[in-house]
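> my questions are about this predicted structure, shown below with the sequence.
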Amino acid sequence: MKKDAVAYLNTRKKGDFAAQKSEVESYCKYRFQIVEIFHDHRANATPPEKRKGFTELLDYCAANNCPDIIIYDFAGLASDLDAGLATLKALNDKYTIYCVNNDFFGFRDDPDQRREAVGNFVAYMDQYRESARKAAPVISKKTKKEDGRPIGRPRALNEGQVEALLTVRQAGTSISQICRMFDVSRSTVSKILADYPELKGEWKGARQEPEE
């Protein structure tokens, strides 16, 4: 028997809603009956708790005792990594979260184990966030210019953030999503993944050699 569930979509481009809705319906075909779909558009820079669609989702779940939420993409919860993890943790404390795209938690048929897996992942990422803060480089006086600015170009990510980047890449997060999550360029991600060829993947729009 199908379980009732609600869905949340956070879209960026025209046409994304129809495409994501179709994938959600396909994902839920044999497991869930979608009773409501909540939607925010071009709201990535806005924290989830301040979005109209997301707050309506939470109000609906609380009022109707709906324990299951389907989202399209974990990385799409927020463009900021800290905000995304905080939102995932808050949702997981009350509901069972399922993801259509790049779902790496498993236990789709066991809500308790699934929530435990999500909780373990958030705790794991929190450790890296904390170590990243502690490992933030201290700027020496000798490395500053007269106006107080550091000499040279600062590193885009510290060691803790690099570890977090590799973790989410191993989990299946796309390079484009990683760029948004960590606010870095594709070239920066490419340099980090240079030592991990299994994580590089294929670049879209790659130049093809002409046929002889």
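Perfect, I can see it now.
> ok, the residue most central in space within the chain - contacts?
Central residue of the chain (C-alpha atoms, centre = their mean): residue 75, 1.7 Å from the mean position. Neighbouring residues of residue 75 by C-beta atoms under 8 Å, 6 or more residues apart in numbering: 84, 102, 168, 173, 174, 177, 178, 180, 181. The C-beta positions use only the backbone N, C-alpha and C, and glycine is treated the same way.
> now with 7 Å, please.
Applying C-beta atoms under 7 Å, 6 or more residues apart in numbering, we find residue 75 in contact with 84, 173, 177, 181.
> touching, residue 161 and residue 184? I think so.
No - using C-beta atoms under 7 Å, residue 161 is not in contact with residue 184; the gap is 9.0 Å.
> the nearest residue to residue 47 once chain neighbours are set aside is in what secondary structure piece?
Leaving aside its chain neighbours, residue 47 sits nearest to residue 83 (5.4 Å; criterion: C-beta to C-beta, 6 or more residues apart in numbering). Using DSSP states H and E, residue 83 falls within helix 81-94.
> so what's the model's average confidence on the helix ranked longest in the chain?
Longest helix of the chain, by residue count under DSSP state H: helix 111-134. Throughout helix 111-134, pLDDT has a mean value of 83.
> buried ones in it?
111, 114, 115, 117, 118, 121, 122, 125, 128, 132 (16 or more other C-beta atoms under 10 Å).
> just the strands in this structure please.
3-11, 32-41, 68-73, 96-101 (DSSP state E).
> make a markdown table from the ones you listed and add distance to residue 193 to it.
Listed next are the strands of the chain as a markdown table, based on distance: least, C-beta to C-beta, whole Å:
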| stretch | distance to residue 193 |
| --- | --- |
| strand 3-11 | 26 |
| strand 32-41 | 30 |
| strand 68-73 | 20 |
| strand 96-101 | 20 |
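> list the buried ones in stretch 14-21?
For stretch 14-21, by 16+ other C-beta under 10 Å, it's 16, 17, 20, 21.
> got the CA positions of that stretch in CSV?
Output of stretch 14-21 as CSV, limited to C-alpha atoms (Å, rounded to 0.1, in the frame of the first residue of the first chain):
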residue,chain,number,x,y,z
LYS,A,14,12.1,27.9,-16.6
GLY,A,15,10.9,24.3,-17.2
ASP,A,16,12.6,22.8,-14.2
PHE,A,17,9.3,22.4,-12.3
ALA,A,18,7.7,20.2,-14.9
ALA,A,19,10.8,18.1,-15.3
GLN,A,20,11.3,17.7,-11.6
LYS,A,21,7.6,17.0,-11.0
